[in-house]
Structure formats: structure tokens, C-alpha cells
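pasting the structure only:
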């Protein structure tokens, strides 16, 4: 960390002398293992790393090295008035000189992250007297785009990542197998098995009689894949699972052979008949280019596995926010992905899910068996109240509002899909494929007003008042980083950022038919479910 509190990474003597490849590999490693605010904003190649007398890296000497990497930007045209105001805002936040910032440089490549993004959006509101859509900015996180957004009407056409548009039309080279070569559908591969939904899918599969579940889990610094999965079971109160039918495999699904040993890969390839793709880097403030390696490249690797030695049904967990088909009345269709990007939020995460859907649907037209699941707001386990609030933007919004003691008045039917019910739906349908009913919009249409949902937290000791949205938004400009809303405040400064607010406008006939075939009904958003959820959130000190 230098004198300007920036994280600087130094490397030397790259393998085979290929500095560019070494830098790319190091940056990819940092993206995979570090949160965005801990990643280096600068990378320096040295001939050798300075060492102390006992052979250790001399960190003081590293800090004392002159900064010879600053790249001054040559401005060939006069800067607009907007850019002249924006440049010092960026320079101050990113702690670099203004002339090091190019008009087309990515905010995130310059060292920006979610916390700095929130600060930037609030600084812009102070400087210009108005804000910009966070999603419009993330589509192209550059100074030039930010200047355009501030200068134009909000109704102007959005700019979507050209790479996302190109990737959405990728055709993967596959030797598509006939259905007669389908593997054993009682043997199921689950990626992202240590996630909130992932562990519940494993539980559901075991309860449904699956004979073997292969859980692909990426190890992390200090934890093996097996340790991460075991911790996920504890965190989600699922320690009771019958592990005799579970195989936890250390994997990196973005790599060839999914990062598995060849013999492990070949066994999955030969024997298994179902793959459930649940892995994802869920980050709503990164652009598409920052997420493509984690969220799109693995889809292609898993497609190859599904059409390898034995055919497998590919079950893809997407998100309702990636919906791209809508009718003339504004109703969100339960249909294959459209050639055009998501209807509502076009941030990097939703674009990556839409691209994944498009790649898979293109493959399905050639004979690959694909089921698409689009969950809405995944919430409390109906038995334990377990949820994952720290990665749920709506939960962070609610907690931040409770901290302010002011909650916005909203007229909507609040979506709440219990994680265990959702997992059971996916587990049940994963081994089945019906071409006409292969897309499922998985929100919960049962009634629950926003008021009733929030009021369930009052008995837990929270005193708050209801305020108009405009008053609540004014309060947002005053929050500090200790408020849970801070990291996601950009989604709410200008409204509710094109969220699918009215769930009555979401088509779900396939999902309802699928629930009927299970012999079940949509779960009630009952007072007991809310009580269990509130008690769990209090127990883990979230509220």
C-alpha cells in the first residue's frame, strides 16, 4: 500500500519471460480470490524483487521505488464542461492524477469498486444537482459515458456492452449426442454447490432419491473445497445431510476439464446424466467485461461436458432480472431469451446471465437439452428461516432503512420465494425436459404487501416511520459507509432502477404447471415464515 493508500502489486521474473501473460494471470487470480476493494489498482513489473538481508521481500524498498508507471493522457480535443467537473471527482476518489484518466478508461480498471462507486454517485449528485442511473453507467463505466448520461435525457437509448452483444451470438463447437446416449439422470453434477441456493439444491436432490451428487466447489485461500462445502452446510443448518451420496470435488469450472483431474472429469463425463449450473459471481456493480470470465466462460466448458461421452440435461440458474422478452402490455414473458438484452436492469451481472441464456438456447436449437430457471427474490427457508442477507440487495436496502429509522412507502406485492421450495422445484425438474415447457419464471405470486413485510420487523425491536420515497431518497445522500445501504445506494438515488416492481406482470404458467406436477402449491408468505426469517436475521446480528 503506497503513500496514497492505493494497493500496488509488484511482480518479477515471469515464467518464460512472458510479462503480459504473467500480468493477465495475476489479475485473473486477484479477481477470483479477492473482493473488488482489495484488488490492486496498480501492477508493476520489476527485474527482481528487492530482498532484505535474510532473503525476505523488502517491502520498504518496494514502497520507496519511484512511480514510473503513470501514463499521462494526451487530450486532442477540448474537454466538455461535464468532463471538467467529473475529472477531479474521479481523481480524488481513485487517488490518481486527473491526467492519468482516459475518457474511455473503465472506472473499475482504474481501481474503482462498489464503495467508491457509491461515493462517486453521491458526489455527482452534489456537483450537478442530479444523478445518473447506476445501471446505465455500469453498462459502459467510462468518463465519456458518464458525461453523455449527464448531458442527455434519461429516456435516451442505453449503450450496451458490444462484447456482451457479440458473446450472446456465440455458437459453441459441439458434437451433439442423441437422447439415446443420455447418462444416468439419478447422478447429478451441481456447480456452485456451496452457495446459498446450491446447498439447498443438494439437500433437495438427496430427498428426491438421487443416488449420487457431485458437488463442484472451488477452493480458496486457506480452505479446501471440502472445507468450504462443510462450512456451507453449517451456515445453512444442513449438517444432517447424508454425505454418503455426496462427492465434493475441487474444481474451477472456467478452466478446461473444469479444473478437475482427468480421471474425475472422465467419470462425470461417462456416468452422469444431469448438470445443474448454479455457480456465479453475483456482483451488481461490476460491468460485463469484469464478470465474463466467471459467469460466461464456464457455461461453455459445462456445455462441452453435457455433450461429451454421455448426454446430460443442462439446468441453468439465471435470474428474473435477466428477462428479455416482453409483450406489448409490458408483461414479462416466460419465454426463451430474446436477441435483445434484458428489459430492466442491464448491469454486468444480468447481462452475463442473459448471455448465458442465449448461448444455451442457441445450443438447444441444435439438440442440447436445456432448462432455464429464473428465480426472483430468494428468501427464508420455511423450516429454519435461513437466508443470505449480505448478498441480497433488497435485504441491504431494508436494513439500511431500518438504520435510518425511515422506510419508503411502496405500493407493491413483495416477492418472497423460500429457498427450500425453489431448490425442490429445481431438483424435481432437473432430470426432466419438455421442449415446450423448459423456461420457468420463478417468483412467488402469493400476496404479501411491502407494508406487511416490513412491519414484521417491528416486533424485533425496530422503531421506524413510513416516509414518501422522495423524502427517503433525500436521506440517502447523507448516509455514511456504516449504513448497510451504502454499497448499493446507487440503485436507489434515482428511484428503484427499473426493477420489476409489479410481480403481477410476470408470466408464470410453466412454473405453475411445474409445481402442479410436483403435487404442490406456491408457498404462502405467512406470518410464521416472516417470523422465522426475522428471528434468523436477529440471531446472526444482521438486524
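Sure thing, it's come through. A quick note: this is a predicted structure, and the numbers were derived from the prediction, not measured. Numbering: from 1, shown residues only.

so for the longest helix seen in the chain, what's the average pLDDT?
Across the chain, the helix with the greatest residue count (assigned by DSSP state H) is helix 348-364. Averaging pLDDT along helix 348-364 gives 95.

which other helices and strands contact that helix?
Counting contacts by 3 or more C-beta pairs under 8 Å, 6 or more residues apart in numbering; DSSP states H and E, helix 348-364 packs against helix 162-167, helix 288-295, helix 297-306, strand 313-317, strand 370-375. All C-beta spots, glycine's among them, are computed from the backbone N, C-alpha and C.

which residues sit against the third one?
Counting contacts by C-beta atoms under 8 Å, 6 or more residues apart in numbering, the residues outside helix 297-306 that touch it are 170, 172, 174, 189, 191, 253-256, 258, 265, 268-269, 275, 277, 279, 312-314, 316, 356, 359-360, 363, 368-369.

before we move on, what about the shortest one?
Among residues not part of strand 313-317, those counted as contacts by C-beta under 8 Å, 6+ apart are 182, 185, 192, 197, 273-278, 280, 299, 302-303, 306, 356-357, 360, 363, 368-373, 375, 426, 429-433.

ok, residue 93 touching residue 118?
No: using C-beta atoms under 8 Å, residue 93 makes no contact with residue 118, being 10.2 Å away.

neighbour count winner among these two?
Legend: neighbour count by other C-beta atoms under 10 Å for residue 93 and residue 118, higher for residue 118 (23 against 18).

helix or strand: which one has that one?
helix 114-128 (DSSP states H and E).

from the chain's centre, how far out does that helix sit?
Its chain's C-alpha centre and that of helix 114-128 lie 22 Å apart, by C-alpha atoms, centre = their mean, to the nearest Å.

buried sites along it?
Buried residues in helix 114-128, defined by neighbour count with 16 or more other C-beta atoms under 10 Å: 114, 116, 117, 118, 119, 120, 121, 122, 123, 124, 125.

now what about stretch 386-396, what contacts it?
Residues outside stretch 386-396 that contact it (C-beta under 8 Å, 6+ apart): 196, 235-237, 282, 284, 377-381, 399, 419, 484-485, 487-488, 491, 533, 536-537, 540, 542.

what about the residues you listed, which are in helices?
196, 235, 399, 419, 533, 536, 537.

now, of these, which are buried?
Buried by 16+ other C-beta under 10 Å: 196, 399, 419, 533, 536, 537, out of the ones in helices among the contacts of stretch 386-396.

which stretches of the chain form strands?
For the chain, the strands defined by DSSP state E occupy 8-12, 42-46, 184-191, 212-217, 246-250, 272-277, 313-317, 370-375, 378-379, 406-408, 417-418, 439-442, 465-467.

tell me what the longest one is packed against?
If contacts are counted by 3+ C-beta pairs under 8 Å, 6+ apart, strand 184-191 sits against helix 196-207, strand 212-217, helix 262-271, strand 272-277, helix 297-306.

let's see 7 Å
helix 196-207, strand 212-217, helix 262-271, strand 272-277 (3 or more C-beta pairs under 7 Å, 6 or more residues apart in numbering; DSSP states H and E).

pull up the pairing partners for it, direction included.
strand 212-217 (parallel), strand 272-277 (parallel) (DSSP bridges).

name the nearest residue to the residue minimising distance to the centre of the chain, sequence neighbours excluded.
Centroid-nearest residue in the chain, with C-alpha atoms, centre = their mean: residue 282, separated by 1.6 Å. Residue nearest to residue 282 in three dimensions, not counting chain neighbours: residue 391, with 5.8 Å by C-beta to C-beta, 6 or more residues apart in numbering.

ok, now how distant is that neighbour from residue 542?
Distance, residue 391 to residue 542, by C-beta to C-beta, to the nearest Å: 12 Å.

excluding chain neighbours, what is closest to residue 93?
Nearest one to residue 93, counting by C-beta to C-beta, 6+ apart, is residue 116 at 5.1 Å.

and the pLDDT at that neighbour?
84.
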